[in-house]
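1. What shape does this take:
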Amino acid sequence: METKEVKIWVYDKREKSTTTFYVEQLSYNKFRMTDNDIFNCSLTKGTEFETRINDDGHHEIIKILKKSDFLTRRFFLSPHYKESDYRVLGEELTKRGGFWQIDFGGIATVNIPKDFEFNIDEVMKELNLNLTEIVD
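-> All right, here's what the predicted structure looks like:
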């Protein structure tokens, strides 16, 4: 089956909430994340999972098949910096195979390739970006 990006609704029993994801469909009930879920930190870009359809017609994740190959970190953005300050880091990351996204205008999630040649903390220090990291 050729992979294609689709929109699915995923119900989380623990949180009793439904979230919409755009994912790559690998087979009938297997998917790969194309970005990062802001609420479930285990569902990051590249994570593959299997679902079942519940009584409401929504997907429920039953198993993580493959964890992401990226190192994922999240930061609160500060209003003390301009978007262009962040863009330098994001563009460098993207050039080297990484990914970044901004959610709610104030949370940055970065996906760093495991073979990324730069220390992200050093790069932020050189750019004088002092951001608060969000940890699980």
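
2. Any chance you could list what contacts stretch 95-107?
-> Here stretch 95-107 makes contact (Cβ atoms under 8 Å, 6 or more residues apart in numbering) with 35-36, 38, 45, 70, 74-77, 86, 89-90, 93-94, 108-113, 116-118, 134. Backbone N, C-alpha and C define where each C-beta goes, glycine included.

3. Determine how far the last residue of that stretch lies from the first.
-> End-to-end distance of stretch 95-107 (Cα to Cα, to the nearest Å): 21 Å.

4. Now do it: distance to the chain's middle.
-> Computed by Cα atoms, centre = their mean, to the nearest Å, the chain-centroid distance of stretch 95-107 equals 8 Å.

5. Flag every buried residue along it.
-> 98-100 (16 or more other Cβ atoms under 10 Å).

6. Could I get the average pLDDT for the helix or strand harbouring T18?
-> Element membership for T18 (DSSP states H and E) is strand 17-27. Mean pLDDT, strand 17-27: 93.

7. So which elements touch that strand?
-> The contact analysis (3 or more Cβ pairs under 8 Å, 6 or more residues apart in numbering; DSSP states H and E) places strand 17-27 against strand 4-12, strand 30-33.

8. Can you give me the buried ones in the helix or strand just after the last one?
-> Looking back up the chat, that one is strand 30-33. As assigned by DSSP H and E, the chain's next helix or strand after strand 30-33 is strand 48-53. Buried residues in strand 48-53, counting neighbours by 16+ other Cβ under 10 Å, are found at 48-51.

9. before we move on, back to that, which of the helices and strands packed on strand 17-27 has the lowest mean pLDDT?
-> strand 4-12 (a mean of 92).
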